[in-house]
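Asker: Next come a sequence and a model predicted from it.
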Amino acid sequence: MKSESTNTNGVKIGLECHAQLITKSKLFCPCSTDYHNSEPNTHVCATCLGLPGALPVVNERAIRYGIKVALALNCEVQPQIIFYRKNYYYPDLPRGFQITQYDFPIALNGLVQIESASGGDGGRERGIRIRIRRVHMEEDPGRLVYKGTIDTAKYSLVDYNRSGIPLVEIVTEPDLRSPKEVRIFLGELRSILGYLSVFDGDLEGAMRVDANISVGGGERAEVKNISSYKDVERALSFEITRQKNLVRRGLKVTLETRHYDEVRGITLSMRTKEFEHDYRYFPEPDLVPIRISDMVSEIKGEIPELPDEKKRRFVSQYSIAREHANTLTYDINIADFYEEVASKMDAGLSAVWVADVLKGELNYRGISMREASKRVSADDFVAMLRYFKKGVITERGATEIIREMLDHGGKPDEIIKRKGLASIGSAEIEKAVLEVIKENENAVEDYRTGKKEALHFLVGQVMRKTRGRANPKDVSKWIEEKI
Amino acid sequence: MKLDNLTAIDVVEGIKSGNISCEELVCEIYERIERSKLNCFITLNKANALEKAIEVDRRKNEEDYRRKKLLGVPIAIKDSISTRGLQTTCASKILEGYIPPYDAAVIEALKCEGAIIIGKTNMDEFCMGTTTETSFYGPTRNPHDLSRVPGGSSGGSAAAISACETVLALGSDTGGSIRCPASFCGVVGLKPTYGFVSRYGLIAYANSLEQIGPMASNVTDTALLLEVISAKDERDSMEVKIKNNAAMNYCASSLKWDEDANIDIDIDIDKEVKGMKIGVPKEFIEGVSPAVKKSVWNAVHKFEDSGAIVEEISMRGLNLKYALASYYIIAISEASSNLARFDGLRYGLRLGKDENWHTTFSKIRGEGFGEEVKRRIILGTYALSAGYYGKYYLKALKVRTLIKNEFEDAFKKQDMLAMPTMPFVAFELGERIKDPLSLYLADVNTVPINLAGVPSISIPCGFSNGLPIGLQLVGKHFEENEILKAGFVFETLSG
């Protein structure tokens, strides 16, 4: 009998993911989209400020990006698209309506395959199919800015730089079963969008998610404003617990919209269904329907090898572990970097050093591979690995070089010299070992009386003395010999 | 200088030949405006206009100046059209103090051709009216009788031309807003084919119906102005699409310019009118006042006497009652969405101390919009709301298609249609404003033309008790030139 207490039991989650597309200009006007490091309200014009009389003109490239996304998500691209007005009031929405899509979106009925959170157990297959309901285009609203926090600010400011940035909205069926699955799905989605060169996940607010959640067949609640990828699991776990607690107490979950408070990590009721917005959708009368069927075959040709395919190829072509392949293919820039390194070096060794070490250092610094590649080239990485393989540097030395290159740049040979990282000869090791044995009589005694852990301590001491320039395995042999 | 009967073509030629000083002309116009009791203008552009006029006088002999089609011609702009650096209010309190940072496409074109912008003319608030009485800045009066309305919504533009407070004017026409005041004030006004003139910079009332159009004292000036404002503009997607789809080679007018940049009118009156097929749809003439009916028939007979083939026809499928209903549903629905942006946050009206956004913005809208505007926002919001969309908006769009078909059928046999512009002459100020429905009914002959998207011109064709009557000529899609030619013929025949 299966455990009743598993997290996934009866939980259904559907997502609406909004991803910013990295076109040069906005969706309906010629303003630049490169606003992330700019002063507020400097990337604006009559159209994206909604000034009276200004008209929208569709950015064809954005539509092509949208189609590309739809194709990569295995959707049926529709022959014709129509933009609609979604009418609602909010200060960040300069026209009092958002231009979005309603009937006649870009695409319907897609599919994304993800790996199960539980790795195959818990009744879920290892590969889970998440159905995509639809993909459509819309414009981003502006952004409210508070001096201080939302509670303490005396007034709010509006920045319209973001107003009109093209978004692709991806709506899933309620096929996700746990917060962890959602995180995996979003990871996969970000990965795919990155592969298509239409999305930059490093930009702040590049992907925002609304989630519809229900437990045990009850009513669903929509949680809005999950703006950070990292918050998704926390927000959804809170909401699931909230709903389960209601059910446990015999109360009903109400159909409502809830807001995620990222500071407190909780969801709060925004409005119940009877106060739901009536968006009064109608076709945008300033834009014409666009036939997109002619574009599809050309765009199909632009779709690169996608993460899933690449993963399988890496495993078979390079004979590397599936876990390594996962890590290496998540970000297209890492995958490309790895392939370049592997073309000049042992593929297995390269996989370990890119997937485990380099990726770990990137995560620690919170920087992307694209950012890092400005300092670390594949050739430098290969050079570093060659030194390691030849025994010129130790594992620790190699790691040190990676860190140094990421933080300050520079070439491996130069760093080895500057930081004195070259491995030391046996005479120096022997000298250090003898010194350590002399200085740590107690530990030596412990080892002799059978406490094998004492050896680790002694090796550590030698490593310290040699500033990591010795191979720990060699050191441990030396110690055993000398004691 | 004699301003009466001064045409745009006279002005251009007079300035180029040195017979007219642009500065003097502009000064005289402002003197007239300042003496006027009509209230044609909301905002004047005096300092800037005078500066431009002096520049025209100084540079008139430079080659690129000699080629400007509207060199030094004074023009009044309806306040629904965005003018850079010049207050644009749409006759609403909510836009008081709004100075646009950009020019509408038509304003760019006018400036490029050397026209001098005199000021912004009065209108019904957000174009919502038939009398220019809903303006926050007070009503405009009819130059032919100060106790009467000038028509609307482009009432200020029509009255200004009629009273020689400008030479040319721009109006905008959603359901008759150019033709109605042209008819009531005895001037010429043309509503172009939907998509003929860029709407970029026209403050939207009902996007799918409206067009900016030329107004003038005569047909030739109207053609000239249309020629200038109909330049292709990529910023209006509807215009681009419609012009691209138009199979014919459209041209705005029969005006030609010779090597010295002088205008040459390429119309042979006898040849034009002979065999011209004019249909008079009885549905559009049955219900009008006897004086209007008589005057319009007289006009039609003038064409007939010169060789046109006139036929009274019936557009049976076109139920005018449904046309009006369809028009108002579409217009108010689009308007309710278009006007949502006016919240005082980014521009326009601000009231004392700000409270939270919702309260502040509700107060601003409450105080900033007039009664008629509020009525239409509420009706439009209702018509678009969940459960009613199909019943109202979608149905109205279907009716529009039927009306379009009805016009296409009529045009299979006729070259153009002739009918009264308005069912009656200008009425008294205050006479109908309290009864919105009776006012809506006044649009009965103009509204179907906007629904069909075809071009139409209103030309003075007589008087009743000293008040002008307008003849409306309706053409096929993109056949502006045909109705302009017919209008020119009529003007010539009328002497």
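Answerer: Right, received. Where do you want to start?
Asker: ok now do B:Ala486, which residues does it touch?
Answerer: B:Ala486 sits next to B:272-273, B:276, B:278, B:303, B:416, B:473 when contact means C-beta atoms under 8 Å, 6 or more residues apart in numbering or on different chains. All C-beta spots, glycine's among them, are computed from the backbone N, C-alpha and C.
Asker: ugh, wrong one, I meant B:Lys404
Answerer: When contacts are counted by C-beta under 8 Å, 6+ apart, B:Lys404 touches B:451-453.
Asker: could you redo the last one with a cut-off of 10 Å?
Answerer: Residues in contact with B:Lys404, defined by C-beta atoms under 10 Å, 6 or more residues apart in numbering or on different chains, are B:448, B:451-454, B:477.
Asker: Would you point out which residue of chain A is nearest chain B?
Answerer: Closest to chain B within chain A is A:Gly96: 2.5 Å, counting by C-beta to the nearest C-beta.
Asker: That residue is in contact with A:Pro52, isn't it?
Answerer: No - with contact defined as C-beta atoms under 10 Å, A:Gly96 does not reach A:Pro52; the gap is 11.6 Å.
Asker: which one of those two has more residues nearby?
Answerer: The neighbour comparison of A:Gly96 against A:Pro52 (other C-beta atoms under 10 Å in any protein chain shown) goes to A:Pro52, with 26 against 19.
Asker: For that one, list the residues it contacts.
Answerer: Taking C-beta under 10 Å, 6+ apart, we find A:Pro52 in contact with A:46, A:95, B:80-82, B:88-90, B:95, B:98, B:100, B:126, B:201-204, B:338-339, B:341-342, B:347-348.
Asker: If you tally nearby residues, what's the number for the closest residue in space to the residue of chain A closest to chain B that isn't next to it in sequence?
Answerer: Nearest non-adjacent residue to A:Gly96, counting by C-beta to C-beta, 6 or more residues apart in numbering or on different chains: B:Ala340, 2.5 Å away. Residues lying near B:Ala340 (other C-beta under 10 Å) number 21.
Asker: Over to the one 3 residues further on?
Answerer: A count of nearby residues for B:Asp343, using other C-beta under 10 Å, gives 23.
Asker: now swap in A:Arg313 and tell me
Answerer: There are 15 residues near A:Arg313, going by other C-beta under 10 Å.
Asker: Please state the backbone phi and psi of it?
Answerer: Per-residue torsions, A:Arg313: phi -60, psi -40 (degrees, to the nearest 10).
Asker: Return the residues of the stretch 201-350 of chain B in contact with chain A.
Answerer: Residues of the stretch 201-350 of chain B found near chain A (C-beta under 10 Å from any C-beta of the partner chain) are B:201-204, B:206-209, B:233-242, B:244-245, B:330, B:333-334, B:336-343, B:345-348.
Asker: Which members of those residues are classed as buried?
Answerer: Neighbour counting over these (16 or more other C-beta atoms under 10 Å in any protein chain shown) leaves B:201-204, B:206-209, B:233, B:235-240, B:242, B:330, B:333-334, B:336-343, B:345-348 as the buried ones.
Asker: For A:Val223, which three-state class applies?
Answerer: At A:Val223 the chain is in strand, as set by DSSP: H, G, I helix; E, B strand; the rest coil.
Asker: Have a look at chain A and report its longest strand.
Answerer: Criterion DSSP state E: the longest strand present in chain A is strand A:127-139.
Asker: Most neighbours out of the contacts of B:Ala486, which is it?
Answerer: Comparing the contacts of B:Ala486 by number of neighbours (other C-beta under 10 Å), B:Leu473 comes first, having 27 neighbours.
Asker: What segments of the stretch 201-350 of chain B are helices?
Answerer: With helices called from DSSP state H, counting those that start in this stretch, the stretch 201-350 of chain B shows them at B:219-229, B:237-245, B:269-273, B:290-305, B:320-338.
Asker: What ranges does the stretch 1-150 of chain A have for its helices?
Answerer: Along the stretch 1-150 of chain A, counting by DSSP H, counting those that start in this stretch, helices occupy A:60-72.
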